[in-house]
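S.K.: take a look and give me a structure for this.
(chains A, B, C and D)
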Amino acid sequence: MVDLKVNLCGLPLDNPIIPASGTFGFGYEFSELYDINCLGTFSFKGTTKDARFGNPTPRIAETPNGMINAVGLQNPGVEKVISEELPKLKKCFNKKVMANVSGFSVEDYAYTCEKLDKEEQVGWLEVNVSCPNVHGGGMSFGTSPEMVAKVTKAVKAVTTKPVIIKLSPNVTNIAEIAKACEEAGADGISLINTLLGMRIDLKTKKPVIANKMGGFSGSAILPVALRCVYQVYDAVNIPIVGMGGVSSAEDVIEMMLAGATAVQIGAANLINPYVCRDIINDLPAFMQKYGINSLKNIVGGAH
Amino acid sequence: MVDLKVNLCGLPLDNPIIPASGTFGFGYEFSELYDINCLGTFSFKGTTKDARFGNPTPRIAETPNGMINAVGLQNPGVEKVISEELPKLKKCFNKKVMANVSGFSVEDYAYTCEKLDKEEQVGWLEVNVSCPNVHGGGMSFGTSPEMVAKVTKAVKAVTTKPVIIKLSPNVTNIAEIAKACEEAGADGISLINTLLGMRIDLKTKKPVIANKMGGFSGSAILPVALRCVYQVYDAVNIPIVGMGGVSSAEDVIEMMLAGATAVQIGAANLINPYVCRDIINDLPAFMQKYGINSLKNIVGGAH
Amino acid sequence: MKQGIFEIVSNKKIAKDVFEMVLSGDTSDIKNPGQFINIKLDGFFLRRPISVCDYDEKTVTIIYKVVGSGTDVMSKLNSGDKLDILTGLGNGFDITKSGDSPVLIGGGVGVPPMYNLCKKLITEGKNVSVILGFNTENEIFYEEEFKNLGAKVYFATADGSYGKKGFVTDVLKDLEYSYFYTCGPMPMFEAIENIAKTSGQYSFEERMGCGFGACMGCSCKTKYKNIRICKDGPVLEREVIVW
Amino acid sequence: MKQGIFEIVSNKKIAKDVFEMVLSGDTSDIKNPGQFINIKLDGFFLRRPISVCDYDEKTVTIIYKVVGSGTDVMSKLNSGDKLDILTGLGNGFDITKSGDSPVLIGGGVGVPPMYNLCKKLITEGKNVSVILGFNTENEIFYEEEFKNLGAKVYFATADGSYGKKGFVTDVLKDLEYSYFYTCGPMPMFEAIENIAKTSGQYSFEERMGCGFGACMGCSCKTKYKNIRICKDGPVLEREVIVW
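M.R.: Okay, the predicted model is just below:
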């Protein structure tokens, strides 16, 4: 009997599998496909203070073994998420959910996190610092240790639940950014967010997506994600949620060996809507194949 | 009759196809496979002041649609390159070659470039600033605008031929780095060098390559390369040599639309040793398909 | 939505760059004409969404045009090959609103979903007119198939090589109809919107990520709310569309 | 080196996890036993280097063990399938140094290249002994094939389930021979190096990038210079090896 259980920032997970924000909506639509209570948890659609339609379409491009998206944080805004989405989720999910939050100012982050922190369905706050800082010339919060520290402190000051900062890989030194989050009080780090990428349409001779550039994800980015998780594991002592190109049980094990306590699955959900359930079912056999009795014991094993 | 000719820093190229450094040796071994004079030019194996064996093996790992290498700049050193490799190349290549140079101090770069600049076979100096700066705590030269400017100025001061700075994509703001090179007198920018990546062996539970991390290349990274070339094209007025995941004639056209004046082919040479010849043969048909008469006219066309 | 492995029964060229593929497998989740399926192809990350042309208990028929490397690979597949497919995607057309004499308007690769819609409406005893628009004669397909259903079939070609010279609207303007259903390119939609005399339904195309509503890649604004073309569409009623 | 498209003639399991694949195509660039070929597989970026077990004018035979996803895919290929292959890679064994009574020592997946080498040496009229080492009996393959060549064949299995209990060196130490050729795991090489009484050649394995000398992924130091296992090797003479 192998053991899939892990503990993420003080909360137990039946298994480390977590559908990533933006690929699983608010969960209830996937519950029509399978019982989503088999998941460790999931991270819901990135939520902001106010409702957003996001970017113009086309928002999607394909790449070798991956994809680019420029959805632009479309969401109904935190009030509607609490009043409409969470009640729908409650009907089909009896576990704590990870609340993914984005913002365009430090105040935004604090405002949205404070509201979601009060919801009993919410177990963790995952703060996406890859968004442009409108008061900082549009540079992403996640590119500066000072800015991520500011956001982390502001969110911690108004919340009680574990705060996980979701980092962008599009930086020179991700370990330094992660350290700044830890020192500012973050309870965990999740990474990697998407790489910045683009494609050009040879027929129109223009960028494929309306926003020109977008977030590059999918199997293609797995080696970058593993490297970042490995570097951050060496730099901090708080748990890491690893993600980026994970699409199989073996990828999950590799990500945990790199240093991840839990693992998010993103783009793969868009190709195989059952992939997270399948991975959970596959894990025991692969654990046996590689001589692993308990997943929690292999975290960071490659170091 | 379509026109494949381009001009790179004042030197004409019959076509924009350039095998990338580290994937084509010093050329003469590929000349046993096909007449390498069909190439625009090629960038020879990264050369340093002193001979280097490089990293321990294994040095190679596979990834979805890509690979990781940690060769570690194995080369015979600039003296032997000049006395042994260039004469062998002269027998089979009658065009100017691009001399790829690496160093671990500003003095290294200047020393090696000054020597190679004097060789009449050399047409361009391609300076790889992704190496760790031993006097700068091992941080790569390419991660700091100040350091790349220093290297650029030092090399320009002792050379007469076009100096192209080869940039790493593992930075927060590649446009800023490219600008620093231009202001320091660089004649061109080549990008992207490899992404930093890693894989872990599930059987041994340790990193696949001895050096743990390595340079991630192959089709998988094409969208990152296109994005970086697109950003740098907006930032500088000097020509760009685009590379990263290019493996077909269509990829070449896409890279030129993003802003590349010439295009390097790297990892693809290792899978299909004839790929550069094949791409040169394929280009006219694809140019017709997409209504392109002259390649030089599409550079930056996607902006 | 259902995921299933389908076997290719046939895959043949029926017009310039246009292929018809018949697949056998579990079609139980296909409920309405105008829905689509999403096909996984080896060597491509994203699935390929293709509208359903026709279906029965055991097979589904699609018609696709070779426009890129994905559809090119599809055109080279052989009967017996197996494909991982998501079925029952999208809302499809609502046939209860057709009235007695609906008109179906298909343009180019927008023609296929009209076929099963036409079949369903005729089974309901409706008096169906079909207007099919193509650029030129060698792109035309399914003329006999539509006629065999018992529909009045009109053609418009841009170059006049077959049927009326001009666009589907040049036929539509002279017809009487109770309701319209259409699928095709945006310029055709705008032309129809300008002259349509009744209510109707438009089936939209958009570049999709997942095809089942998870990624918000194909969002679109309507008069009343933001919708996802792949899940809340691709069929929208005339009254809600923001042009 | 030559690039060519080869067709699979047969692909069958011959021992636990071990398969024999016969390929037909242009083998004109295969010059010596101990060379390898490099196979492109759909869905994998790098080629798979596999040593040549045997070859003639029209076919090449390889024997491979399923150790990962790549070899697993190979094991599922069918006769008639086509593969893009680079042939004539590596230096191979130098048979001119064998003397009259060479011994060939193969361990596990190091056994295959010994087969064509054995064939060549016997054709040259040599008195060939072959020592084949395996973990256990159900991993053994090609016993009859080696015997049919006319070689003296000895077996060693770690668990004693077949032949001598122990390692190839437990057989080697009691043999007389003029020269040795070997391919197998590193611990076996070290054991041989400790007791070998003559000169010989070792065929090395290393994780490769290109397989034809371009990427320097498989570099190795020797007493005299740095070499590339894929191009200047995989066979090295005992005298130049740095242990």
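
S.K.: so which residues on chain A come close to chain C?
M.R.: A:22-25, A:29-30, A:32-33, A:45, A:53-54, A:57-67, A:69, A:71, A:74, A:208, A:218-219, A:267, A:269-274 (Cβ under 8 Å from any Cβ of the partner chain). Placement of C-beta: from N, CA and C, glycine included.

S.K.: give me the subset of those residues lying in strands.
M.R.: Of these, the ones assigned to strands by DSSP state E are A:60-63, A:66-67, A:69.

S.K.: of the residues of chain A next to chain C, which belong to helices?
M.R.: A:269-271 (DSSP state H).

S.K.: closest one of those to chain B?
M.R.: A:I271 (12.9 Å; Cβ to the nearest Cβ).

S.K.: contact partners for that closest one?
M.R.: A:247, C:40, C:45-47, C:210 (Cβ atoms under 8 Å, 6 or more residues apart in numbering or on different chains).

S.K.: in this structure A:L13 contacts A:F42, no?
M.R.: No. Checked against Cβ atoms under 8 Å, the pair A:L13 and A:F42 is beyond contact range at 11.0 Å.

S.K.: and these two? which has more neighbours close in?
M.R.: For the pair A:L13 and A:F42, the greater number of neighbours falls to A:F42 (27 against 22), based on other Cβ atoms under 10 Å in any protein chain shown.

S.K.: I figured that one hits A:Y28, correct?
M.R.: No. If you go by Cβ under 8 Å, A:F42 and A:Y28 don't touch, sitting 10.9 Å apart.

S.K.: quick check: whatever residue of the stretch 51-200 of chain A ends up closest to chain B vs B:A175, distance?
M.R.: The nearest approach of the stretch 51-200 of chain A to chain B comes at A:G197, 3.2 Å away (Cβ to the nearest Cβ). According to Cβ to Cβ, to the nearest Å, A:G197 and B:A175 sit 15 Å apart.

S.K.: check C:L89 too.
M.R.: For C:L89 relative to B:A175 (Cβ to Cβ), the value is 41 Å.

S.K.: tell me the contacts of the closest residue to A:Y233 other than its chain neighbours?
M.R.: Counting by Cβ to Cβ, 6 or more residues apart in numbering or on different chains, A:Y233 lies nearest to A:G259, which is 2.7 Å off, once chain neighbours are set aside. By Cβ under 8 Å, 6+ apart, the residues touching A:G259 are A:229-230, A:232-234, A:240, A:242, A:299-300, A:302-303.

S.K.: which stretches in chain C count as helices?
M.R.: With DSSP H as the criterion, chain C has helices spanning C:69-75, C:112-123, C:143-149, C:168-172, C:186-195.

S.K.: most packed of those?
M.R.: helix C:112-123 (a mean of 24; mean count of other Cβ atoms under 10 Å in any protein chain shown).

S.K.: off-centre distance for that helix?
M.R.: Relative to its chain's centre, helix C:112-123 lies at 10 Å (Cα atoms, centre = their mean, to the nearest Å).

S.K.: what does stretch C:84-98 give?
M.R.: Per Cα atoms, centre = their mean, the centroid offset for stretch C:84-98 relative to its chain is 10 Å.

S.K.: now swap in stretch A:198-206 and tell me
M.R.: 29 Å.

S.K.: same question, stretch A:210-228
M.R.: 13 Å.

S.K.: how far does it stretch from start to finish?
M.R.: 29 Å (Cα to Cα, to the nearest Å).

S.K.: quick one: it near chain B?
M.R.: Yes. Among the residues of stretch A:210-228, A:212-213, A:216, A:219-224, A:226-227 lie within reach of chain B under Cβ under 8 Å from any Cβ.

S.K.: please enumerate the helices of chain A.
M.R.: So, for chain A - with DSSP H - the helices run A:78-80, A:86-90, A:106-117, A:145-157, A:174-183, A:222-235, A:249-258, A:268-271, A:275-289.

S.K.: so which elements touch the longest one?
M.R.: It refers to helix A:275-289. Helix A:275-289 is packed against strand A:17-19, helix A:249-258, strand A:262-265, helix A:268-271, with contacts defined by 3 or more Cβ pairs under 8 Å, 6 or more residues apart in numbering or on different chains; DSSP states H and E.

S.K.: residue ranges with poor pLDDT in chain C?
M.R.: For chain C, no stretch has pLDDT under 70.

S.K.: partner strands of the longest strand seen in it, with direction?
M.R.: Secondary structure of chain C per DSSP E: the longest strand is strand C:2-15. Its sheet considered, strand C:2-15 pairs with strand C:18-24 (antiparallel), strand C:82-89 (antiparallel) by DSSP bridges.

S.K.: adding mean neighbour count, write those out as CSV.
M.R.: Converted to CSV, those look like this (neighbours: other Cβ atoms under 10 Å in any protein chain shown):
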stretch, mean neighbour count
strand C:18-24, 21
strand C:82-89, 21
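
S.K.: give me every residue that touches A:I253.
M.R.: A:283, A:286-287, A:290, A:292, A:295, A:298, B:202.

S.K.: excluding chain neighbours, what is closest to the residue of the stretch 101-250 of chain A found nearest chain C?
M.R.: Minimum separation of the stretch 101-250 of chain A from chain C (Cβ to the nearest Cβ) falls at A:G218, amounting to 5.5 Å. Nearest residue to A:G218, sequence neighbours excluded (Cβ to Cβ, 6+ apart): A:G66, at 2.9 Å.

S.K.: that neighbour contacts C:F45, doesn't it?
M.R.: Yes. Using Cβ under 8 Å, A:G66 makes contact with C:F45 at a distance of 5.7 Å.

S.K.: what residues does the stretch 151-300 of chain A have near chain D?
M.R.: Checking the stretch 151-300 of chain A against chain D by Cβ under 8 Å from any Cβ, there are no hits.

S.K.: got the residues of the stretch 151-300 of chain A near chain B?
M.R.: Residues of the stretch 151-300 of chain A lying near chain B (Cβ under 8 Å from any Cβ): A:170-173, A:195-200, A:202-203, A:205-207, A:212-213, A:216, A:219-224, A:226-227, A:230, A:245, A:250, A:253-254, A:257-258, A:290, A:298.

S.K.: please parse chain C into its domains.
M.R.: C:2-89, C:95-240 (automatic domain parsing).

S.K.: how about the ones you listed in CSV, adding distance to D:I241?
M.R.: Below are the domains of chain C laid out as CSV (distance: least, Cβ to Cβ, whole Å):
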stretch, distance to D:I241
domain C:2-89, 42
domain C:95-240, 54
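
S.K.: and B:K153, which of these is closest to it?
M.R.: Closest to B:K153 of the domains of chain C, according to Cβ to Cβ: domain C:2-89, at 43.6 Å.

S.K.: state the pLDDT value of the residue in chain A positioned nearest to chain D.
M.R.: Proximity of chain A to chain D (Cβ to the nearest Cβ) peaks at A:E250, 8.8 Å away. pLDDT, A:E250: 98.

S.K.: how about it, what does it touch?
M.R.: Contacts of A:E250 (Cβ under 8 Å, 6+ apart): A:286, B:202.

S.K.: try it again at 10 Å.
M.R.: A:279, A:282-283, A:286, A:289-290, B:202, D:69 (Cβ atoms under 10 Å, 6 or more residues apart in numbering or on different chains).

S.K.: how about the strands paired with strand C:2-15 in a markdown table, adding distance to D:V130?
M.R.: As requested, the strands paired with strand C:2-15 are exported to a markdown table (distance: least, Cβ to Cβ, whole Å):
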| stretch | distance to D:V130 |
| --- | --- |
| strand C:18-24 | 53 |
| strand C:82-89 | 45 |
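
S.K.: of all those, which one is nearest C:N226?
M.R.: Taking these one by one with Cβ to Cβ, strand C:82-89 is closest: 18.8 Å.

S.K.: OK, contacts around the residue lying closest to A:P58 once chain neighbours are set aside?
M.R.: Ranked by Cβ to Cβ, 6+ apart and with sequence neighbours excluded, the top spatial neighbour of A:P58 is C:R207, at 4.0 Å. Counting by Cβ under 10 Å, 6+ apart, C:R207 touches A:57-62, A:208-210, C:46, C:49, C:217-218, C:229.
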